[in-house]
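Novice: This is a predicted model, with the sequence first.
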Amino acid sequence: MKFGLATVAAVAIFAAFPAFAGEIASSVDARDLPKGKTTPLGLYLTPEDAHAALTEEPDVVFIDVRDPLEINFVGNAEGTDANVPLAFATHDFDPKRGGYAMARNPNFIAGVDAVMAREGRDKDDPVFVMCRSGGRSAAAAAALAKSGYSNVWSIVEGFEGDTNKKNGRRDVNGWQNAGLPWSYKLDAGMAWQPAGER
């Protein structure tokens, strides 16, 4: 069988940039998600789904959108490409929340754009986003979709997981509780740094 030069080039290009979307398997039933964890794109993964996909295709971009200090003290999933915070904790106590107020990161989209460029990916390539328990990752996915990203997957249980209603601890689900690989150590390439210092 003979192949023309154009056919060989097309096959080489296809092999260099595989189509990920059809290969990412999700066990999440979107109908079971609370509204605060839903996204306009409707792409959801459990931590186990995300880990399986990243094991199969480690080139998928994986971004943690938590505050950098949260990652520093709580830990991070192994294989995370970058921390691009959706919001930062402030020193302003919010009695209604029973915690410190968060301030939106005005450079969130630019930060994700920079990571995607660094990884040689564009807005149609898959990107996984994770936070503590799925709320911020859903908001991050919505912001990225509004900015033109079409393949953003929210990890619905996050790193720590949902709150156990019996004891108030985050021991129900999530990356950490699933026994997936994680660490307290931050890699310099993954760690968030203010714009211009990366």
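Specialist: Sure, I can see it. Numbers count the residues shown, from 1 in each chain.

Novice: So what pairs up with the residue nearest in space to the middle of the chain in the strands?
Specialist: What sits nearest the mean C-alpha location of the chain, by C-alpha atoms, centre = their mean, is residue 129, with 1.3 Å. The residues listed as beta-bridge partners of residue 129 by DSSP bridges are residue 63, residue 154.

Novice: State the helix or strand in which residue 175 lies.
Specialist: Here residue 175, judged by DSSP states H and E, is contained in no helix and no strand.

Novice: What is the burial count for it?
Specialist: 27 (other C-beta atoms under 10 Å). No exception for glycine: its C-beta is placed from N, CA and C like everyone else's.

Novice: Double-check it against residue 134; I have them as touching.
Specialist: No - contact criterion C-beta atoms under 8 Å: residue 175 and residue 134 do not qualify, at 11.0 Å.

Novice: biggest strand in the protein by residues?
Specialist: Of all segments of type strand in the chain, defined using DSSP state E, the longest is strand 87-94.

Novice: Kindly export that strand (C-alpha atoms) in PDB.
Specialist: Provided in PDB are the C-alpha atoms of strand 87-94 (Å, rounded to 0.1, in the frame of the first residue of the first chain):
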ATOM      1  CA  ALA A  87      -9.100  33.700  44.600                       C
ATOM      2  CA  PHE A  88      -6.900  34.600  47.500                       C
ATOM      3  CA  ALA A  89      -7.700  34.500  51.200                       C
ATOM      4  CA  THR A  90      -7.700  37.900  52.800                       C
ATOM      5  CA  HIS A  91      -7.100  39.000  56.400                       C
ATOM      6  CA  ASP A  92     -10.700  40.300  56.600                       C
ATOM      7  CA  PHE A  93     -12.800  38.100  58.800                       C
ATOM      8  CA  ASP A  94     -16.300  37.300  57.500                       C
END
